[in-house]
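J.: This is a predicted model, with the sequence first.
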Protein chains: 2
Amino acid sequence: MTVALDAMGGDHGPAAVVDGALLVADARPEVEVVLVGAPDVLAACLAERGVAGRLDVVPARQVVEMTEDPARAVRAKRDASVRVAARLVRDGRAAATVTVGPTGAALAAAVFTLGRLPGVTRPGLAVVVPTPGGDLVLLDAGATVDCRPDLLAQLALAGAAFARARLGVDDPRVGLLNVGSEQGKGDLLRREAADLLGRLPINYVGNVEGNHVAEGGRADVVVTDGFTGNVVVKCLEGAARSRPADDAADPDTGGGGVLLGVDGVAVVGHAGSSPSAVAHCICAAADAAATGLVDRVRAALADLVARRLADPDVGAVAP
Amino acid sequence: MTVALDAMGGDHGPAAVVDGALLVADARPEVEVVLVGAPDVLAACLAERGVAGRLDVVPARQVVEMTEDPARAVRAKRDASVRVAARLVRDGRAAATVTVGPTGAALAAAVFTLGRLPGVTRPGLAVVVPTPGGDLVLLDAGATVDCRPDLLAQLALAGAAFARARLGVDDPRVGLLNVGSEQGKGDLLRREAADLLGRLPINYVGNVEGNHVAEGGRADVVVTDGFTGNVVVKCLEGAARSRPADDAADPDTGGGGVLLGVDGVAVVGHAGSSPSAVAHCICAAADAAATGLVDRVRAALADLVARRLADPDVGAVAP
């Protein structure tokens, strides 16, 4: 099981990423990590730690910077580390890719290089939120900020497949994040999506509210637009950091976000990831590949594709 | 200083509301609470507590139920407690109104009975969020879930006026809740609003993220749409409840939400408010009236009205 690690992203530079990879090499020898990035920098990094040659390095001579327009930069930089890492997955040389660089760049590289699964208009970013009521999957955590009802339907199907693989829940309860628990609540997007979600082959439990995301227990999968999802995830991380006694909510243990709807396993960690957070992302990526995540999501979405053919109202693709 | 209290709302029934009013009567004798609701029920409530006649009762023979369409119910029920309480403010018999009934009903009663201030298309619900970095004002916490850029501009002006009155900050920093700190981030609503906010006579500090709302320190006022705001506030409340050691985030101490943009002080507390939470709402309402909140918001919005006349691009009113 090989994981291609974009070693050039992240606030702490290649050193923190390499240290994360070395943690995995020690703890899970069956996971082989390939470092993707500037060969001299990465070789020096390994040599400094007295483990020269311990990890393979695949050269990539460009980097997508935090300040660049991610889609444009990924398109322009053929040799960007995030894009080279995705290429290793596309070419079958790695089972999954991990980056702690900009989410937008990870998304663009995944869509551009791996491609979308049939039925997917835009991929979603799924994160596991630890709560007192148990772990839940929240998506979209920020891949697509302008959302349509059909995208929420895709996220619901993909999120349920992810929860089965990641949380080991047979028939995950899927909830729609909303401002009230009663039917008919919410903005136009939610009111339109509720009807659509109710017609999907998932265990749809209706609306869940912000407190349910923090407390857990109501749903295994919480579906929302990428704007709200991003704000909620950062909000919970901020609340957890304000009360550092609470290990369960430590973002370092979360394993990053998984891009769902692309044809390959792609994990995006925090830019501020510590070595242990990077290691958790690598393990999450390896586990996703091992449990056949992409095929599970493909199968879940195939149903949407079939229904769309039968009933154009279901998941009509936005222009 | 008289506060008209809708005594019929809330999950715990009139008893919890009456107990809240009695706490205020003891602690702040200068605040006179008038109970609005079913006279026999309220008289019995006071008699049971051995304080028959201690608080004035204004009769209201109807109630807006949690399950009703709030706008329709308020319009249909002329004698609903939430509407009668607002009428006392309109008629100058009370300086402020408080309810722990449905937010939608409070909003409808305020707009219907008190009216909107000039320049306001929809009122916003402002709440005070306690954070390790100090209190901040978040709005809209759920009054209007479908939002437009011009509404965010109104909220920014009204929120700054509220922060000056409530937090005692001279020149409050106003931030736009967004998915990243860089300019140009966000969905269409945020990208359009950022430009508008930058042209208002406020101390606009640009984007703030979810973690900044939880941790504080970046902005005194955080502006967002009512959907995201509602989710964030409930999320933080849920996180606080999950860690009950944290008194600062106890929703009971927050004093409810204040409707900004209506011509009167209207405070909305949690449906689940305890007597002490009801008391905090009553005090927040009395303090808002005492600090001239409505005139402050009116003055802040007058600037928007003037600019709109001069430059139709600023705060163009959505259809």
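T.: Arrived safely, thanks for sending.
J.: A:K234: what's it in contact with?
T.: A:K234 makes contact with B:209-211, B:214, according to C-beta atoms under 8 Å, 6 or more residues apart in numbering or on different chains. Using the backbone N, CA and C atoms, a C-beta is placed for each residue, glycine as well.
J.: Dump these into a markdown table; add secondary structure as well.
T.: As requested, the contacts of A:K234 are exported to a markdown table (DSSP: H, G, I helix; E, B strand; the rest coil):
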| residue | secondary structure |
| --- | --- |
| B:E209 | coil |
| B:G210 | helix |
| B:N211 | helix |
| B:A214 | helix |
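J.: Tell me which helix or strand in chain A has the weakest average pLDDT.
T.: Comparing every helix and strand of chain A by mean pLDDT, DSSP states H and E singles out helix A:293-310 as the least confident one, with a mean of 84.
J.: Give me the contacts around that one.
T.: Residues from elsewhere that reach helix A:293-310, judged by C-beta under 8 Å, 6+ apart: A:117-120, A:153-154, A:157-158, A:160-162, A:164-166, A:199-201, A:258, A:260-265, A:314-317.
J.: So how do I select the buried members of the residues you listed in PyMOL?
T.: To isolate in PyMOL the members of these that are buried, counting by 16 or more other C-beta atoms under 10 Å in any protein chain shown, one can use:
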select buried, chain A and resi 117+119+120+153+154+157+158+160+161+162+164+165+166+200+258+260+261+262+263+264+265+314+315
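J.: In strands, which of the contacts of helix A:293-310 fall?
T.: When the contacts of helix A:293-310 are checked against strands (DSSP state E), the matches are A:258, A:260, A:265.
J.: Quick check, the second one in contact with A:F162.
T.: Yes. Counting by C-beta atoms under 8 Å, a contact exists between A:L260 and A:F162, whose distance comes to 5.8 Å.
J.: what's the overlap in contacts for those two?
T.: With contacts defined as C-beta under 8 Å, 6+ apart, the residues shared by A:L260 and A:F162 are A:126, A:139, A:297.
J.: Pop out the phi and psi values for the first one.
T.: In other words, A:A126. The phi/psi pair for A:A126 (degrees, to the nearest 10) reads phi -100, psi 130.
J.: Can you add neighbour count and give the shared contacts of A:L260 and A:F162 back as CSV?
T.: What follows is those, written out as CSV (neighbours: other C-beta atoms under 10 Å in any protein chain shown):
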residue, neighbour count
A:A126, 30
A:L139, 31
A:V297, 30
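J.: contacting residues for the residue nearest the centre of chain A?
T.: Of all residues in chain A, the one closest to the mean position by C-alpha atoms, centre = their mean is A:V258, 1.8 Å from it. A:V258 makes contact with A:125-127, A:162, A:166, A:265-268, A:284-285, A:288, A:293 under the criterion C-beta under 8 Å, 6+ apart.
J.: of the residues you listed, closest to chain B?
T.: When the contacts of A:V258 are compared for distance to chain B, the smallest value, 11.1 Å, is given by A:L125; criterion: C-beta to the nearest C-beta.
J.: quick one: pLDDT of that closest one?
T.: The predicted local distance difference test score for A:L125 is 97.
J.: That one in helix, strand or coil?
T.: Three-state call for A:L125 (three-state DSSP): strand.
J.: Confirm for me that it is in contact with A:L138.
T.: No. Using C-beta under 8 Å, A:L125 makes no contact with A:L138, being 9.3 Å away.
J.: How about the residues of chain A by chain B?
T.: With C-beta under 8 Å from any C-beta of the partner chain as the criterion, chain A comes near chain B at residues A:67, A:131-132, A:142, A:145-146, A:177, A:179, A:182, A:186-188, A:190, A:209-215, A:224-228, A:230-243, A:246.
J.: end-to-end on stretch A:209-225?
T.: Stretch A:209-225 has an end-to-end distance of 14 Å (criterion: C-alpha to C-alpha, to the nearest Å).
J.: should've said stretch A:27-42
T.: First-to-last residue span, stretch A:27-42, C-alpha to C-alpha: 21 Å.
J.: So what touches it?
T.: Looking at what lies outside stretch A:27-42 - C-beta under 8 Å, 6+ apart - the contacts are A:1-8, A:14, A:17-18, A:21, A:24-25, A:55-61, A:63, A:81, A:84-85, A:88, A:93-94, A:279, A:282-283, A:286.
J.: mind listing the strands for chain A?
T.: Secondary structure of chain A (DSSP E): strands at A:2-6, A:32-37, A:56-59, A:96-99, A:124-129, A:136-139, A:173-177, A:203-208, A:221-223, A:257-260, A:265-268.
J.: Kindly format the C-alpha coordinates of the second one as PDB.
T.: Read it as strand A:32-37. What follows is strand A:32-37 as a C-alpha-only set of coordinates in PDB (Å, rounded to 0.1, in the frame of the first residue of the first chain):
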ATOM      1  CA  GLU A  32       4.900   2.800   2.100                       C
ATOM      2  CA  VAL A  33       5.100   6.600   1.900                       C
ATOM      3  CA  VAL A  34       6.600   8.300  -1.200                       C
ATOM      4  CA  LEU A  35       7.700  11.900  -0.700                       C
ATOM      5  CA  VAL A  36       6.800  14.200  -3.700                       C
ATOM      6  CA  GLY A  37       8.700  17.500  -3.900                       C
END
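J.: from the middle of its chain, how far away would it be?
T.: 19 Å (C-alpha atoms, centre = their mean, to the nearest Å).
J.: That strand vs strand A:2-6, what angle?
T.: With axes from the mean of the first three to the mean of the last three C-alpha atoms, to 10 degrees applied, the angle from strand A:32-37 to strand A:2-6 works out at 20 degrees.
J.: So, low pLDDT: which residues of chain A?
T.: Under the criterion of pLDDT under 70, the regions of chain A flagged as low confidence span A:244-254, A:308-319.
J.: Please identify the residue most distant from the middle of it.
T.: Among the residues of chain A, the one whose C-alpha is farthest from the average of all C-alpha positions is A:G50, by C-alpha atoms, centre = their mean at 32.7 Å.
J.: Tell me the spacing between that residue and chain B.
T.: 37 Å (C-beta to the nearest C-beta, to the nearest Å).
J.: just to revisit the earlier point, let me have the strands of chain A in TSV, extended by distance to A:V74.
T.: Compiled in TSV, the strands of chain A are given as follows (distance: least, C-beta to C-beta, whole Å):
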stretch	distance to A:V74
strand A:2-6	12
strand A:32-37	14
strand A:56-59	17
strand A:96-99	11
strand A:124-129	16
strand A:136-139	22
strand A:173-177	29
strand A:203-208	34
strand A:221-223	27
strand A:257-260	14
strand A:265-268	13
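J.: Just name the most buried of these.
T.: Comparing those by mean neighbour count (mean count of other C-beta atoms under 10 Å in any protein chain shown), strand A:96-99 ranks first with a mean of 33.
J.: which other residues reach that one?
T.: Outside strand A:96-99, the residues touching it (C-beta under 8 Å, 6+ apart) are A:3-6, A:9, A:81-82, A:85-86, A:88-89, A:105-106, A:109-110, A:256, A:264-269, A:278, A:281-282, A:285-286, A:288-289.
J.: give me that answer again for 7 Å
T.: A:3-6, A:9, A:82, A:85-86, A:88-89, A:106, A:264-269, A:281-282, A:285-286, A:288-289 (C-beta atoms under 7 Å, 6 or more residues apart in numbering or on different chains).
J.: Pull up the pairing partners for it, direction included.
T.: On the basis of DSSP bridges, the sheet neighbours of strand A:96-99 come out as strand A:2-6 (parallel), strand A:265-268 (parallel).
J.: Could you list the alpha-carbon positions for it in CSV?
T.: Extracted in CSV, the C-alpha atoms of strand A:96-99 (Å, rounded to 0.1, in the frame of the first residue of the first chain):
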residue,chain,number,x,y,z
ALA,A,96,-3.8,7.4,-2.4
THR,A,97,-2.5,10.9,-2.2
VAL,A,98,-2.1,13.3,0.8
THR,A,99,-1.4,17.0,0.9
